[in-house]
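Trainee: pasted the sequence and its predicted model underneath.
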Amino acid sequence: MGIVHTRIDDRLIHGQVAAFWTNSLNIHRIMIPNDEIATDEVRKSIIRLAAPPGVRTSLVSIERAANNIKAGKYDQQRLFIIFEDPRDAVDLINRGVKIDKINVGNMGHKEGARQVRNNIHVTAEQVKALKELDRMGIRLTARMVPSDPEIDFMRYLKSVFE
């Protein structure tokens, strides 16, 4: 057990995560490692309201997430990590957390972002982080729901940015 799935989704916990991902993967805990969210009590309360009944949440700093994972705190649980931004994933991995694959789910439109797929828009900084994840050997896939086929995300990213 431990880390069962990792996903980049700037919507964090929402209908697809609550209804499809947590159920199909039999998730015990959703972790969102993000330094800003970890210190925003209002935002944490709102995010927790979206979690499915019976699924625990950890909305913690990236450093605390790394320390807890490396200490084995979640080894007996089925952990689903959701990153708001690919830069958080790079930071967590650089702190010694082993991740083999990340599903790039939704990254909404924002100022200065370019569209990679219908639901994925990335800024230059996010492209840099995604390429860094690829260089680290992390397999990046694109899949909205568990029943969708896994698609090589880097193929789409390279078609837009190279």
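Mentor: Here it is on my side, so go on. Numbers count the residues shown, from 1 in each chain.
Trainee: determine the longest strand present in this protein.
Mentor: When the chain is parsed with DSSP state E, its longest strand is strand 2-9.
Trainee: and the helix or strand following that strand, how far out from the chain's middle?
Mentor: Counting by DSSP states H and E, the next helix or strand C-terminal to strand 2-9 is helix 15-16. Relative to its parent chain, helix 15-16 has a centroid offset of 14 Å by CA atoms, centre = their mean, to the nearest Å.
Trainee: stretch 10-19 now?
Mentor: Averaging C-alpha coordinates over stretch 10-19 and over its chain gives two centres that are 11 Å apart (CA atoms, centre = their mean).
Trainee: what residues does that stretch touch?
Mentor: Surrounding stretch 10-19, the residues in contact under the criterion CB atoms under 8 Å, 6 or more residues apart in numbering are 7, 9, 30, 32, 47, 50-52, 55, 57, 80, 82, 84-85, 105-108, 144-145. Any C-beta I mention is one placed from the backbone N, CA and C, and that applies to glycine too.
Trainee: at 6 Å instead, please
Mentor: Residues outside stretch 10-19 that contact it (CB atoms under 6 Å, 6 or more residues apart in numbering) are 32, 47, 50-52, 82, 84, 106-108, 145.
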